[in-house]
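Peer 1: this one's structure only:
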């Protein structure tokens, strides 16, 4: 029987059996979305942040045509998409918000039903993942680590699966964003790899800073996750679109087909674990897939909401 954990990114391939690696994206460092122009046919600024359900702060993304992807990218090709107007949360869903859902519904996550999650442990040279009994959203660093609700209430909820994120979204009256919606909102009119420009700036996002004397250097201030809104937002007011946690989206990358015996999910934006020596997907372009019911401490989600009677689609461009 296959284990429930499947890694998201190429860098993990050196540490797990090849059969467990389903797919990963190749990073395109320094490659802009488009050369010249804003990269978006409709780059007008959304409305100001407004209060949403269950403490989510929402930003309106106007409907229209947008450009996403990059020429030559194997799973995120350059294309024109038409999006209906939608709302998107300015930040990732927190432990406190997820706890409200659990208290109201009695929901048990995949990791809780399984009795374990794959979590980060220090190893050589920098990292490894271990299936750890008792690890779940309540104890994302394992049962000997901090309790999320008490110690990390404003950190993004992790050690949840995409199925768990979808369950929360239904309860909250929303959904996960699509690949195109996530990228459009994360880019906020930019054509670059990062919200702030073409080059990575470690002061702008929570990513992996390396190890000194056996522990994280915490050069960005955080060893693992950071509280949401700890780093500067993008031009439309979205926080942590790069780094902190990978954010689940509702559809698979173009050209990736789901296998009948293994439901898949996809995520965007990179995480606290990402670096040049671990994973390279801490940008606005790359995407990856993993098992839909897998649970990792560097994955979370951001909510999307539909205005009444609105629908959208996409087209190649």
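Peer 2: Right, received. Where do you want to start? Only a predicted model underlies this, so the values are computations on that prediction, with no experimental measurement involved. Numbering: from 1, shown residues only.
Peer 1: what segments of the stretch 201-317 of the chain are strands?
Peer 2: With strands called from DSSP state E, counting those that start in this stretch, the stretch 201-317 of the chain shows them at 211-212, 215-216, 246-249, 264-268, 287-291, 299-300, 304-305, 313-314.
Peer 1: which stretch among the ones you listed comes nearest residue 162?
Peer 2: strand 264-268 (3.5 Å; CB to CB). For every residue, glycine as well, the C-beta is placed using N, CA and C.
Peer 1: give the pairing partners of the closest one; include direction for each.
Peer 2: strand 246-249 (antiparallel), strand 287-291 (antiparallel) (DSSP bridges).
Peer 1: for residue 111, find the nearest of the ones you listed.
Peer 2: Closest among the strands paired with strand 264-268, using CB to CB: strand 287-291, at 12.3 Å.
Peer 1: for that closest one, what is the average pLDDT?
Peer 2: Taken as a whole, strand 287-291 has a mean pLDDT of 89.
Peer 1: low-confidence ranges in this structure?
Peer 2: For the chain, the stretches flagged by pLDDT under 70 are 1-48, 122-127, 208-222, 276-278, 309-317.
Peer 1: at the geometric centre of it, which residue sits there?
Peer 2: The chain has residue 247 as the residue nearest its centroid, 1.6 Å off, counting by CA atoms, centre = their mean.
Peer 1: so who does it touch?
Peer 2: 92, 182, 241, 267-269, 299-302 (CB atoms under 8 Å, 6 or more residues apart in numbering).
Peer 1: just the closest of those to residue 135, please.
Peer 2: Nearest to residue 135 among these: residue 299, at 13.0 Å, using CB to CB.
Peer 1: so what's the closest one closest to, chain neighbours aside?
Peer 2: Nearest non-adjacent residue to residue 299, counting by CB to CB, 6 or more residues apart in numbering: residue 246, 4.6 Å away.
Peer 1: what's the burial count for the one you found?
Peer 2: Residue 246 is flanked by 31 other residues according to other CB atoms under 10 Å.
Peer 1: surely it and residue 271 touch.
Peer 2: Yes. Contact criterion CB atoms under 8 Å: residue 246 and residue 271 qualify, at 4.8 Å.
Peer 1: what touches both of the two?
Peer 2: Joint contacts of residue 246 and residue 271 (CB under 8 Å, 6+ apart) are 298-299.
Peer 1: which residues does residue 66 bridge with?
Peer 2: Here residue 66 sits in beta bridges with residue 81, going by DSSP bridges.
Peer 1: and the contacts of residue 247 as JSON lines, adding neighbour count and distance to residue 194?
Peer 2: Converted to JSON lines, the contacts of residue 247 look like this (neighbours: other CB atoms under 10 Å; distance: CB to CB, whole Å):
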{"residue": "92", "neighbour count": "26", "distance to residue 194": "17"}
{"residue": "182", "neighbour count": "28", "distance to residue 194": "15"}
{"residue": "241", "neighbour count": "28", "distance to residue 194": "9"}
{"residue": "267", "neighbour count": "27", "distance to residue 194": "17"}
{"residue": "268", "neighbour count": "26", "distance to residue 194": "13"}
{"residue": "269", "neighbour count": "27", "distance to residue 194": "11"}
{"residue": "299", "neighbour count": "25", "distance to residue 194": "20"}
{"residue": "300", "neighbour count": "31", "distance to residue 194": "19"}
{"residue": "301", "neighbour count": "28", "distance to residue 194": "21"}
{"residue": "302", "neighbour count": "31", "distance to residue 194": "17"}
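Peer 1: bridging residues for residue 119?
Peer 2: residue 130.
Peer 1: for residue 196, see how far away it is.
Peer 2: Distance from residue 119 to residue 196, counting by CB to CB, to the nearest Å: 30 Å.
Peer 1: who has more neighbours, the two?
Peer 2: When neighbours are counted by other CB under 10 Å, residue 119 and residue 196 differ, and residue 119 comes out ahead with 25 against 17.
Peer 1: now do that one against residue 151, distance only.
Peer 2: When distance is defined by CB to CB, residue 119 is 16 Å away from residue 151.
Peer 1: returning to what we had before: the residue nearest to the centre of the chain and residue 85, how far apart?
Peer 2: Using CB to CB, we find residue 247 at a distance of 20 Å from residue 85.
Peer 1: then residue 119?
Peer 2: Relative to residue 85, and taking CB to CB, residue 119 is found at 38 Å.
Peer 1: what of residue 233?
Peer 2: Distance from residue 233 to residue 85, by CB to CB: 20 Å.
Peer 1: for the strands of the stretch 201-317 of the chain, which one sits closest to residue 171?
Peer 2: Of the strands of the stretch 201-317 of the chain, nearest to residue 171 by CB to CB is strand 304-305, at 12.9 Å.
Peer 1: name the surrounding residues that touch that closest one.
Peer 2: Under CB under 8 Å, 6+ apart, the answer for strand 304-305 is 52-53, 58, 86-89, 173-178, 181.
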